[in-house]
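A.B. asks: pasting the sequence and the predicted coordinates here, then a few questions.
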Amino acid sequence: MKKIFDAQQIRNWDAYTIAQEPITSIDLMERASEAFTDRLLSLFSDTDFTIFCGKGNNGGDGLAIARILASMNKKVEVYVIEYSAQASADFLINYDRLAKITTVHTISSLKDFPVIGQNSVVVDAILGSGVNRPVEGILKDVIQKINQSKLPIISVDIASGLYVSQPIAGDNTIICPDYTLTFEAPKLAFLMPQNLQYVGEWECVPIGLSSKYAQNTITSYFWTDMVSLKKRAKFSHKGTFGHALLAVGSYGSIGAAVLSAKACLRSGVGLLTTYIPSCGYQIMQASVPEAMCQTDPAEKELSICPNLEKYTVIGVGCGLGKSNKTKAFLKAILQQAKSPIVLDADALNIIAEESNLLELIPPKSILTPHPKELQRLIGAWENDFDKLEKVKVFSQKYDCIVLIKGMYTAIVLPNQEVYFNSTGNAGMATGGSGDVLTGIITALIAQGYSSEEAAIIGVFKHGEAGDMAAQERGQMAMLPSDIIEKLRW
Ligand SMILES: NC(=O)C1=CN([C@@H]2O[C@H](COP(=O)(O)OP(=O)(O)OC[C@H]3O[C@@H](n4cnc5c(N)ncnc54)[C@H](OP(=O)(O)O)[C@@H]3O)[C@@H](O)[C@H]2O)[C@H](O)CC1
Ligand SMILES: [K+]
C-alpha cells in the first residue's frame, strides 16, 4: 500500500529527506535523475534524446538527465525555455555542470523551436509538481509544439501543466506523454480517468525519499499495490469462515447468481446459501453443488425476504431485476438485516429509484455500482474530482463503503479515505465481472474481514485474477468465469 500525497506534502517529503537522511538538495536531484535515466534507457536504448527544460527543479532534473545521458555517449539535445527570469538554485548548478560538456540551447520564442530528429524521444522536464497556474505564452506554444511532434514523449515526474491533485482549470495546455516516470509515489492526477491523455503509461521510480515521512504523514488517498490476508486458522471448521447468503437472480439472469456463488465459494466462505427464484433451482444445484440452495416461492423473481438470522453476511443484487415484488423483497431485506450487506446491480438501481430505502442501508454496507448505477445514486458530476467528492459525501452520510468501478477502482470509505486499486484490465469490463466481485467481497466479510478490508482486498484480488485470465486468454476472449478460475488466495 502506498500513500498518495498532494503537491505541498511532496515538497515537505523532499525537505524532510534532505534534512533527515541527510542529503543535499542537489544530491537528491542527482539521485532522482540517475534513477529516471536508468529506467528511461531500459525503455529506449537505441534512440536520441531531446530534452525540454523549465527553470525550476523539474528543469533541473532535465539538465542532470541530459548530462548523465551525454556521459554515456548518448546523443542529447537540450533546450531551456526562457519563460521567466527566475531559476531555482539546483537548476542553476545543473546548468553550469551541463554547459561545461555540451551546448544548452534556449527557446525564447517559437522561432527557436528545433526540428527534432525522427530517431529522438522527447523528455519533458518543463514543469513538475510545482505547477500552480495554467501555462501561457512561450510555455504554452512549446507544449503545443511538442504534442504535435508525434514523437514518443516521456514526462519527468508529471506531465508539464498537469496539477498533482486538482482538476484542470479551463482549457489548459498540458503535455500528452506516452510515459510518465514519476518520483517515488503515484500522484492523484494519474488515477482520474479524465487525465488519461496527460499521463500515458506511468510508473513510480524510487528515489529513496524518507519512509519515515511517508509513515507519519496523514493522507486520505492510497494506492493499493498489495494486500495482506489473514492466516487461515489451522484448527478451523466450516463455521469458522461464516455463513453467507447470496440473494440473487431472476428469470433470464440465473447466470449472474451462479457466477456470484462460485466466486464466493472460491474465496473461502465457510458455508454458502443461495436464495434464488424457483426457476433457478436445478441450474444452481447442478452448477454449484457446494452451495445450499433455498428458493423463493415466486417462479421468476425474488419476492419474500427469507429468515436472515443464521447468516454472517448477505450479498444482494446480482441479476435481481426490478419488479415490484423484488422491490418489496429488497426493502424487507434492508429492514431485517442486522449486519452489513453487499449491494450490487439492480439492488442499487432499486435504491436509486426509491430514495427512502437509502436510510435503511445497514451501516458499513458495501455498494458496488458501475458508472451508470453510480450516477443514478449520486446524480451527475462535473469531473472526476467532483465525482470523488460527491461519493465521499454519500459514503459518510449513509455510513457505507462505495466503489467507483473503473480502470483504477476507487474504494471510498465512510471515514473519507479513498483506496485506488492497481490491478485489473479492460477485459474485465464485461457483464458478469461485477457478479464475481460481489461473491468475493461477500465471502471475505463472512470470514471476519471488516467491510473496509473486504472491499479493498476483494477488488485487488478480483483484478489480480482478471490480469491472470487476460494473460492466458487475452482481454477479448476472457470471461468472468475465467476470473473465478484464476482466483488464488
Ligand atoms: N520531491 C521530490 O520528489 C523531488 C522532486 N524533484 C523535482 O522537482 C520538481 C518540483 O520542482 P519545483 O521547483 O518545486 O517545481 P517546478 O519545477 O514544477 O516549477 C518551478 C516553478 O515554476 C513556477 N510555475 C508554476 N506553474 C507555472 C506556470 N504555469 N507557468 C510558469 N511558471 C510556473 C512556479 O514558481 P512561481 O514562483 O512562478 O510560482 C514553480 O515553483 C518535481 O516535479 C521533480 O521533478 C527533485 O529533483 C527530486 C526530488
Ligand atoms: K514534467
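C.D. replies: Looks like it came in fine. Ligands and ions are numbered 1, 2, ... in the order given.
A.B. asks: could you chop this structure up by domain?
C.D. replies: 2-219, 238-486 (automatic domain parsing).
A.B. asks: hey, which of those is tucked in deepest?
C.D. replies: Across the domains of the chain, averaging neighbours per residue (mean count of other CB atoms under 10 Å) puts domain 238-486 on top, at a mean of 21. C-beta coordinates here come from the backbone N, C-alpha and C atoms, glycine included.
A.B. asks: interface residues of the stretch 1-150 of the chain facing ligand 2?
C.D. replies: With the criterion set to CB under 5 Å from the ion, the stretch 1-150 of the chain comes near ligand 2 through N58, D124.
A.B. asks: what about stretch 229-237, how long is it end to end?
C.D. replies: Taking CA to CA, to the nearest Å, stretch 229-237 runs 18 Å from one end to the other.
A.B. asks: do the same with stretch 232-252
C.D. replies: With CA to CA as the measure, stretch 232-252 spans 37 Å from end to end.
A.B. asks: now stretch 296-309
C.D. replies: First-to-last residue span, stretch 296-309, CA to CA: 17 Å.
A.B. asks: then stretch 410-419?
C.D. replies: With CA to CA, one end of stretch 410-419 sits 5 Å from the other.
A.B. asks: again with stretch 399-412
C.D. replies: Start and end residues of stretch 399-412 are separated by 11 Å (CA to CA).
A.B. asks: what does stretch 109-124 give?
C.D. replies: End residues of stretch 109-124 are separated by 18 Å (CA to CA).
A.B. asks: pull the distance from that stretch to the chain's centre.
C.D. replies: Distance of stretch 109-124 from the chain centroid (CA atoms, centre = their mean, to the nearest Å) equals 33 Å.
A.B. asks: and whichever helix or strand Q396 is part of, C-alpha only, in PDB?
C.D. replies: Assigned by DSSP states H and E, Q396 belongs to helix 384-397. Output in PDB follows, covering the C-alpha atoms of helix 384-397 (Å, rounded to 0.1, in the frame of the first residue of the first chain):
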ATOM      1  CA  ASP A 384     -13.700  13.000 -11.800                       C
ATOM      2  CA  PHE A 385     -12.600  15.100  -8.800                       C
ATOM      3  CA  ASP A 386     -16.200  16.300  -8.300                       C
ATOM      4  CA  LYS A 387     -17.400  12.700  -8.600                       C
ATOM      5  CA  LEU A 388     -15.000  11.600  -5.900                       C
ATOM      6  CA  GLU A 389     -16.200  14.400  -3.600                       C
ATOM      7  CA  LYS A 390     -19.800  13.500  -4.200                       C
ATOM      8  CA  VAL A 391     -19.200   9.900  -3.400                       C
ATOM      9  CA  LYS A 392     -17.300  10.800  -0.300                       C
ATOM     10  CA  VAL A 393     -20.300  12.900   0.900                       C
ATOM     11  CA  PHE A 394     -22.600  10.000   0.100                       C
ATOM     12  CA  SER A 395     -20.400   7.400   1.900                       C
ATOM     13  CA  GLN A 396     -20.200   9.500   5.000                       C
ATOM     14  CA  LYS A 397     -23.900  10.300   5.100                       C
END
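A.B. asks: touching that helix from outside, list them.
C.D. replies: The contact list for helix 384-397 (CB atoms under 8 Å, 6 or more residues apart in numbering) reads 166-167, 192-195, 374, 377-379, 381, 400-402, 404, 410, 412-414, 416, 418.
A.B. asks: give me the packing partners of the helix or strand following it, helices and strands only.
C.D. replies: Toward the C-terminus, helix 384-397 is succeeded by strand 401-404 as the next helix or strand (DSSP H and E). When contacts are defined as 3 or more CB pairs under 8 Å, 6 or more residues apart in numbering; DSSP states H and E, strand 401-404 sits against strand 366-367, helix 371-378, helix 384-397, strand 410-412, helix 451-473.
A.B. asks: tell me which of those sits nearest to ligand 2.
C.D. replies: Among the helices and strands packed on strand 401-404, the nearest to ligand 2 by CB to the ion is helix 384-397 (20.7 Å).
A.B. asks: now the closest one and helix 371-378, what's the angle there?
C.D. replies: 60 degrees (axes from the mean of the first three to the mean of the last three CA atoms, to 10 degrees).
A.B. asks: dump the residue contacts of C53.
C.D. replies: Counting by CB under 8 Å, 6+ apart, C53 has contacts G59, G60, G62, L63, A66, V78, Y79, V80, I81, F91, A125, I126.
A.B. asks: sorry, wrong one. I was asking about F44.
C.D. replies: Counting by CB under 8 Å, 6+ apart, F44 makes contact with V121, P152, I154.
A.B. asks: among these, which are in reach of ligand 1?
C.D. replies: Among these, no residue lies close to ligand 1 (CB under 6 Å from any ligand atom).
A.B. asks: with respect to ligand 1, which of the residues you listed is nearest?
C.D. replies: I154 (12.7 Å; CB to the nearest ligand atom).
A.B. asks: output the helix or strand hosting that closest one as PDB, restricted to C-alpha atoms.
C.D. replies: According to DSSP H and E, I154 maps onto strand 153-156. In PDB, the C-alpha atoms belonging to strand 153-156 read as follows (Å, rounded to 0.1, in the frame of the first residue of the first chain):
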ATOM      1  CA  ILE A 153       7.200  11.800 -25.100                       C
ATOM      2  CA  ILE A 154       8.400  10.800 -21.600                       C
ATOM      3  CA  SER A 155       7.500  13.200 -18.800                       C
ATOM      4  CA  VAL A 156       9.700  13.600 -15.800                       C
END
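A.B. asks: ok, the nearest residue in space to G208 that is not next to it in sequence - contacts?
C.D. replies: Setting aside the residues directly before and after it, G208 is nearest to R31 in space (CB to CB, 6 or more residues apart in numbering), at 6.3 Å. Shown in contact with R31 (CB under 8 Å, 6+ apart): I23, I207, G208.
A.B. asks: what helix or strand is R31 located in?
C.D. replies: Element membership for R31, per DSSP H and E: helix 25-43.
A.B. asks: re earlier: may I see the contacts of C53 arranged in a markdown table, with pLDDT, secondary structure and distance to ligand 1 as well?
C.D. replies: Shown next, in a markdown table, are these (pLDDT from 0 to 100; DSSP: H, G, I helix; E, B strand; the rest coil; distance: CB to the nearest ligand atom, whole Å):
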| residue | pLDDT | secondary structure | distance to ligand 1 |
| --- | --- | --- | --- |
| G59 | 98 | helix | 6 |
| G60 | 98 | helix | 6 |
| G62 | 99 | helix | 8 |
| L63 | 98 | helix | 10 |
| A66 | 98 | helix | 14 |
| V78 | 98 | strand | 16 |
| Y79 | 98 | strand | 15 |
| V80 | 98 | strand | 12 |
| I81 | 98 | strand | 9 |
| F91 | 98 | helix | 8 |
| A125 | 99 | strand | 7 |
| I126 | 98 | coil | 8 |
